[in-house]
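In: got a sequence here, can you model it:
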Amino acid sequence: MAVLDWSQCPAVESVADRLSGAWVLKNTRVPVSAIFENLEAGSDVEEIVEQFHVDPEQVKAVLEFAARSLDLSPPPASTTAAADARPL
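Out: Here you go, the predicted structure:
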C-alpha cells in the first residue's frame, strides 16, 4: 500500500490536539481516511459532502492529490521483481 505525504496536500491539516494528529480536512474534524472508507463502502462525493457537512472542493482536492501521488509512485518491489523474473 502506498503511503502518501499528506503534508503536501493544501486541503488537509494535522493538528496534534485534534483527533490525535490524524490528517483531517482543513478546519474540520473529518479524517482523510473517512473519505476513502466511505468511497470504498459505495458512497459518492455528494453523499460524503452531505454526511460530513464539508466543502466538496476539499474532498475533490484530497482525491486529486491521492490520484496524482499514486501516479508518481514507483511500482511495488514485488511487482518489479516478478516482472524481472519472467522468462522471455
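In: tell me the contacts of the residue minimising distance to the centre of the chain?
Out: By Cα atoms, centre = their mean, the chain has its centre lying nearest to Ala66, at 4.9 Å. The neighbours of Ala66, taking Cβ atoms under 8 Å, 6 or more residues apart in numbering as the test, are Leu4, Phe36. Quick note: C-beta positions are derived from backbone N, CA and C, even for glycine.
In: which SS class is it?
Out: Assigned state for Ala66: helix (three-state reduction, DSSP: H, G, I helix; E, B strand; the rest coil).
In: state the distance from it to Trp6.
Out: Noted for Ala66: a distance of 9 Å to Trp6, by Cβ to Cβ, to the nearest Å.
In: next one: Asn27
Out: In terms of Cβ to Cβ, Asn27 sits 15 Å off from Trp6.
In: settle it for me: which of the two has more neighbours?
Out: Between Asn27 and Trp6, counted using other Cβ atoms under 10 Å, the more crowded position is Trp6 (18 against 11).
In: surely the more buried one meets Val32?
Out: Yes. Applying Cβ atoms under 8 Å, one finds Trp6 in contact with Val32, separated by 6.5 Å.
In: got any residues that touch both of these two?
Out: Counting by Cβ under 8 Å, 6+ apart, the shared contacts of Trp6 and Val32 are Val12, Trp23.
In: check the residue nearest to the centre of the chain and give its pLDDT.
Out: The confidence metric pLDDT takes the value 95 at Ala66.
In: roughly how far out does stretch 24-32 sit from the chain middle?
Out: Once both centres are worked out by Cα atoms, centre = their mean, to the nearest Å, stretch 24-32 turns out to sit 12 Å from its chain's centre.
In: with just CA atoms, put that stretch into CSV.
Out: The C-alpha coordinates for stretch 24-32 follow below in CSV (Å, rounded to 0.1, in the frame of the first residue of the first chain):
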residue,chain,number,x,y,z
VAL,A,24,-8.2,15.9,8.6
LEU,A,25,-9.9,18.2,6.1
LYS,A,26,-8.8,21.7,7.0
ASN,A,27,-10.8,23.4,9.7
THR,A,28,-12.8,20.2,10.4
ARG,A,29,-12.6,17.1,12.4
VAL,A,30,-13.2,14.9,9.4
PRO,A,31,-10.3,12.4,8.9
VAL,A,32,-9.0,11.9,5.4
